[in-house]
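Novice: Build me a model:
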Amino acid sequence: MSELVETVSTLPAPTLADPRPRVAAALADDAQLIAACRRGEARAMEMLYHQYKRRVFGMAHRIVGSSDAEEVAQEVFVRIFRALERFRGDSALSTWIYRLTVNASLSHLAKRGRRHEVGDDTLGELPAPPATERDPGLASRIEAALALLPAGYRAILVLHDVEGLSHEECAAILECRVGTSKSQQHKARARIREILGPQLHGHRDTKDGT
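Specialist: Reported below is the predicted structural model:
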């Protein structure tokens, strides 16, 4: 299991080209950034976008697939700027943005009629990540296997095993109990091991020289 978790956790985030040069951070904290965005300051809104765009796009990519990730990411930022007036600061800004991203991704899958399992054609949607020292082939297969999980399982694995968030943070984002987050992660890991079982065993045998 540890080998699977380590490989999942180091899957590289999909890239998203910068539309403009990165804006230098000048606002001290999230509260100031939010206040400036609420005042309609374009520079602050651009800063928020650049600060979170890769994480939003990467998460959407792994939940909905590469073909729809950009559309979902755009929808997330529309929701962010529309809802900032109602953001009360009960959670960290990053937690709130993750929640919007997960909700937008799951809503998108539901509209596509793919709330549960996705088709085998999804295997061709996800690009293989760059080579890693451990096993580039295994990392690529795990990336593809994520696309075969039910959307809820995919979300918890992306949040916890890829993004490295705690179960407390995952529970806040998914608006569930910490115990539910842990249970869902356990089930998701079991499912992905079922998908990759023969490949993982073959990979382990090759490493052991058997």
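Novice: got the CA positions of stretch 32-48 in CSV?
Specialist: What follows is the C-alpha trace of stretch 32-48 in CSV, where atoms were taken according to Å, rounded to 0.1, in the frame of the first residue of the first chain:
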residue,chain,number,x,y,z
GLN,A,32,-6.6,41.9,2.4
LEU,A,33,-6.7,40.0,-0.9
ILE,A,34,-10.4,39.2,-0.4
ALA,A,35,-11.2,42.8,0.6
ALA,A,36,-9.5,44.2,-2.5
CYS,A,37,-11.3,41.7,-4.7
ARG,A,38,-14.6,42.8,-3.1
ARG,A,39,-13.8,46.4,-4.0
GLY,A,40,-13.4,45.3,-7.6
GLU,A,41,-9.7,45.9,-7.9
ALA,A,42,-8.6,44.1,-11.0
ARG,A,43,-5.0,43.6,-9.8
ALA,A,44,-6.2,41.8,-6.7
MET,A,45,-8.5,39.6,-8.7
GLU,A,46,-5.6,38.7,-11.0
MET,A,47,-3.4,37.9,-8.0
LEU,A,48,-6.1,35.5,-6.6
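Novice: what about it, average pLDDT?
Specialist: What stretch 32-48 shows for mean pLDDT is 93.
Novice: before we move on, what about stretch 170-190?
Specialist: 94.
Novice: Pull it out as CSV, backbone CA atoms only.
Specialist: C-alpha atoms of stretch 170-190 as CSV (Å, rounded to 0.1, in the frame of the first residue of the first chain):
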residue,chain,number,x,y,z
CYS,A,170,-10.8,17.0,3.5
ALA,A,171,-13.9,16.8,5.7
ALA,A,172,-14.2,20.6,5.7
ILE,A,173,-14.0,20.7,1.9
LEU,A,174,-16.4,17.8,1.4
GLU,A,175,-18.6,18.9,4.2
CYS,A,176,-18.6,15.6,5.9
ARG,A,177,-17.4,14.0,9.1
VAL,A,178,-13.7,13.2,9.5
GLY,A,179,-14.6,9.6,10.0
THR,A,180,-16.5,9.6,6.7
SER,A,181,-13.4,11.1,5.0
LYS,A,182,-11.2,8.3,6.3
SER,A,183,-13.7,5.7,5.3
GLN,A,184,-14.1,7.0,1.8
GLN,A,185,-10.3,7.2,1.4
HIS,A,186,-10.0,3.6,2.6
LYS,A,187,-12.6,2.4,0.1
ALA,A,188,-11.1,4.5,-2.7
ARG,A,189,-7.6,3.0,-2.1
ALA,A,190,-9.1,-0.5,-2.0
